[in-house]
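give me a model of this one.
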Amino acid sequence: MDERKNIQLALHKWMVHVIFIYYFVFFIFGNILTLFILIPKYHTSMDYTMITSSLLGSIGMSSMGSSIFYIRKLYKSCIRRDMTIAPDNNDTLIILGTFIYYLARPLFSVGFSILVVIGLATGLLAISIRGGELNIGFTYLTMFFSFFIGFQVGSFIKRLERRGERIVNKIMEV
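As a prediction, this is how the structure comes out:
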């Protein structure tokens, strides 16, 4: 049975407002950062390395992806009444957990987008003959993947937990 079916999210009404504003700020931030990297006039005038451009663009895209997903999740929860609007003195741990859940997801997605850039750069540089140079295609690739990591950050966390445990176990065997 899916354990998520039994979970009841609860927030104070003011928290719902704060979280919506928080996600819209993340969305706008992500758009600005992404456009800054995609518009060559701004991107090339700053003389960024490809890694810097990739990191900035990926952070922007993961911020957009995460905020899109969680704005949608939050408004659907409000419309369907899947969330309890709690009185001020009720279920403080559930309320705190729900609030942190919503606040942390975009931050996690930003962290994972950095992991995407590092992982792809490491893989590409490890197989290149002369420490090959990265080009703008690398930036676009990391941005593309980072959007989906941000959009599906919850699924990414679950997979990371499963695979991370296997990787750590293999490292410990060596």
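
centroid-nearest residue for this structure?
Residue closest to the mean C-alpha point of the chain, counted by C-alpha atoms, centre = their mean, is S109 at 1.6 Å.

element containing it, please.
helix 92-127 (DSSP states H and E).

show me what that helix is packed against.
strand 9-11, helix 13-38, helix 50-80, helix 136-151, helix 153-173 (3 or more C-beta pairs under 8 Å, 6 or more residues apart in numbering; DSSP states H and E). C-beta here means a position set from N, CA and C on the backbone, and glycine is covered the same way.

pull out the buried residues from that helix.
For helix 92-127, a neighbour-count test (16 or more other C-beta atoms under 10 Å) marks 94-95, 98-99, 102, 105-106, 108-110, 112-114, 116-117, 120-121 as buried.

need the contact list for S109.
By C-beta atoms under 8 Å, 6 or more residues apart in numbering, the contact set of S109 is S62, S63, G65, S66, S146, I149, G150, V153.

just the pLDDT for the residue nearest to the third one when sequence neighbours are not counted.
Right, the one you point to is G65. Distance criterion C-beta to C-beta, 6 or more residues apart in numbering; nearest residue to G65, sequence neighbours excluded, is G150 at 3.0 Å. Looking at G150, its pLDDT stands at 94.

with T44 instead?
At T44, pLDDT is 58.

and the residue nearest to G65, how many residues sit next to it?
When neighbours are counted by other C-beta atoms under 10 Å, G150 registers 32.

quick one, what contacts it?
By C-beta under 8 Å, 6+ apart, G150 lies in contact with 61-67, 69, 106, 109-110, 112-113.

how about F144?
With contact set as C-beta under 8 Å, 6+ apart, F144 has these partners: M61.

from here on, call the first residue 555.
All set: I'll call the first residue 555, so the last point we hit is now F698.

surely F662 meets V707?
Yes. F662 is in contact with V707 according to C-beta atoms under 8 Å; the separation is 5.3 Å.

joint contacts of those two?
Common contact partners of F662 and V707 (C-beta under 8 Å, 6+ apart): S620.

before I go, just wanted to say thanks for your time.
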